[in-house]
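[1] sharing a model that was predicted from the sequence below.
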Amino acid sequence: MENDIFQLQYALDTFYFLVCGALVMWMAAGFAMLEAGLVRSKNTTEILTKNVALFAISCTMYMVCGYAIMYGGDYLLSGIAGNGVEGADEPASYAPSADFFFQVVFVATAMSIVSGAVAERMKLWAFLAFAVVMTGFIYPMEGSWTWGGNPVFGLYTLSDLGFLDFAGSGIVHMAGAAAALAGVLLLGARKGKYTADGKAVAIPGANLPLATLGTFILWMGWFGFNGGSVLATASVDSANSVAVVFMNTNAAAAGGLIGALALAQVLFGKADLTMALNGALAGLVAITAGPDTPSALQATAIGAVGGLLVVGSILTLEKLKIDDPVGAISVHGVVGLFGLLVVPYTNAEAKLTGQLIGALTIFGWVFITSGIAWFVLKLLIGIRVSEEDEYNGVDLSECGMEAYPEFTSK
């Protein structure tokens, strides 16, 4: 009887893990639609190509070496995982391959954050070459210090300092934003983004219905992102925890959208849809570090603050001439940091100093190593398209086809 109960729990937890992984994989579609909606029509095919290609590269590189770096397992040949699931002292609570699948879609999420920030002026193959380095080495290394539990360069262990990041506000989202920021600083702004006297010029996206669809897809996928991080559902305690995480994830997204929309109305006198969409995503990022402990009201407030922060951050980065077409650095970086820092206020196990050191470790590592990788690529093959190709659109120069050919004059 006891063995039958264990087998049932094993099957249920494995199935839950796989379904949540599939939801996170669906977030790749959300990023693709969001970014395709927020870039100009002449750059749509290239941004879609980047999103599908980065997902394939992420999955392959994490299999080849990323998982081994992060958790000590080997998925290239043996299929034996680390992370305390197979070959450990305790019996596995879910299939080791389910753990690998769930982890690999997180890697792809981190890389998806980069694609929107460098949109409309980066060479496709330079971006994909960076994806190899990011998903095969940079992300797995910081993951080994956080979720992997290894000491940072043998000096200190973040968990011992009171660092907690339940589903990745810092480990996934801020890391992706740090890599994006390093690339954007080397790339420079899009042509026409700033006037001669330095004023920012609005460059509207081509398809706001598509961007809105992408946001809803990401909102839905986030239930797998945060809910799956409970790692189980086949007991009363874990089922209750899953329900709380789902509730708080949704509440934070709602709070983020309302906060951003209200602030946009105050600042611009208009209900800015793009700010509202980024507000919802900011709320989701803000709650991701600790969705298991707040009340629903606290989660809504955390999301609302994230929504306010993202509006302010987007406007500030524009003034600093850091050109991010989709607001990814603000949504995932600035709000990702906020998400880490707010955890101690709802979870006594987290320490503010530990969260600060953890955030500095993640950002410092990813930003510096990404900067080196981008710089090497710039020297070897160049990372920015020509001014002519940028003017005509990277769809034709990089992919040889247009997303909306019927609207192109011949």
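    On my side now, so go ahead.
[2] contacts only, for Asp395.
    Counting by Cβ atoms under 8 Å, 6 or more residues apart in numbering, Asp395 makes contact with 42-46, 401-403. (Glycine included, C-beta is placed from N, CA and C.)
[3] and those residues, which of them are buried?
    With neighbours counted using 16 or more other Cβ atoms under 10 Å, these contain these buried positions: 42-46, 402-403.
[4] coming back round to it: among the contacts of Asp395, which lie within helices?
    The subset of those located in helices under the criterion DSSP state H comprises 44-46.
[5] now do the helices in the stretch 251-400 of the chain.
    Counting by DSSP state H, counting those that start in this stretch, the stretch 251-400 of the chain forms helices over residues 273-288, 296-319, 328, 335-342, 352-380, 387-392, 394, given from the N-terminal end onward.
[6] want to throw these into CSV with mean pLDDT and mean neighbour count?
    Conversion of the helices of the stretch 251-400 of the chain to CSV gives the following (pLDDT from 0 to 100; neighbours: other Cβ atoms under 10 Å):
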stretch, mean pLDDT, mean neighbour count
helix 273-288, 98, 30
helix 296-319, 98, 22
helix 328, 97, 29
helix 335-342, 98, 28
helix 352-380, 98, 18
helix 387-392, 95, 13
helix 394, 96, 26
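[7] and those helices as CSV, adding distance to Ala68?
    CSV is the format used below for the helices of the stretch 251-400 of the chain (distance: least, Cβ to Cβ, whole Å):
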stretch, distance to Ala68
helix 273-288, 25
helix 296-319, 34
helix 328, 28
helix 335-342, 26
helix 352-380, 18
helix 387-392, 39
helix 394, 35
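[8] out of those helices, flag the one nearest Gly148.
    Between Gly148 and the helices of the stretch 251-400 of the chain, the shortest gap by Cβ to Cβ is with helix 352-380, which sits at 12.8 Å.
[9] tell me if Ala202 really is in a strand.
    No - under DSSP: H, G, I helix; E, B strand; the rest coil, Ala202 sits outside any strand and is assigned coil.
[10] could you report the distance from Ile69 to Leu257?
    Summarising the geometry, the distance separating Ile69 from Leu257, computed by Cβ to Cβ, to the nearest Å, is 37 Å.
[11] now swap in Val266 and tell me
    Val266 sits at a distance of 15 Å from Leu257 (criterion: Cβ to Cβ).
[12] what is the neighbour count of the closest residue in space to Gly312 that isn't next to it in sequence?
    Once flanking residues are discounted, Gly312 sits nearest to Leu263: 7.8 Å by Cβ to Cβ, 6 or more residues apart in numbering. For Leu263, the number of neighbouring residues by other Cβ atoms under 10 Å comes to 21.
[13] thought Leu263 was touching Leu309?
    No - assessed by Cβ atoms under 8 Å, Leu263 is found out of contact with Leu309, at 9.6 Å.
[14] next, the buried residues of whichever strand or helix holds Met247.
    Element membership for Met247, per DSSP states H and E: helix 236-268. Buried positions in helix 236-268, judged by neighbour count with 16+ other Cβ under 10 Å: 238, 241-242, 244-246, 248-264.
[15] now do stretch 134-153
    Going by neighbour count (16+ other Cβ under 10 Å), the buried part of stretch 134-153 is 134-136, 138-148, 150, 152.
[16] now it: how far from the chain's centre is it?
    The gap between where stretch 134-153 is centred and where its chain is centred comes out at 16 Å by Cα atoms, centre = their mean, to the nearest Å.
[17] which residues sit against that stretch?
    Contacts of stretch 134-153 with the rest of the structure, by Cβ under 8 Å, 6+ apart, involve 54, 57-58, 61-62, 64-67, 69-72, 83, 107-108, 110-111, 114, 157-159, 163, 165, 170-171, 175, 179, 358, 361-362, 365-366, 369-370, 373.
[18] give me the buried subset of these.
    Neighbour counting with 16+ other Cβ under 10 Å marks 54, 57-58, 61-62, 65-67, 69-71, 83, 107-108, 110-111, 114, 158-159, 163, 165, 170-171, 175, 179, 358, 361-362, 365-366, 369-370, 373 as buried within the contacts of stretch 134-153.
[19] helices - which of these land there?
    Judged by DSSP H, the subset of the buried ones among the contacts of stretch 134-153 located in helices is 54, 57-58, 61, 67, 69-71, 107-108, 110-111, 114, 175, 179, 358, 361-362, 365-366, 369-370, 373.
[20] residue contacts, Lys42?
    With contact taken as Cβ under 8 Å, 6+ apart, Lys42 is in contact with 392-396, 402.
[21] many thanks, we can stop here.
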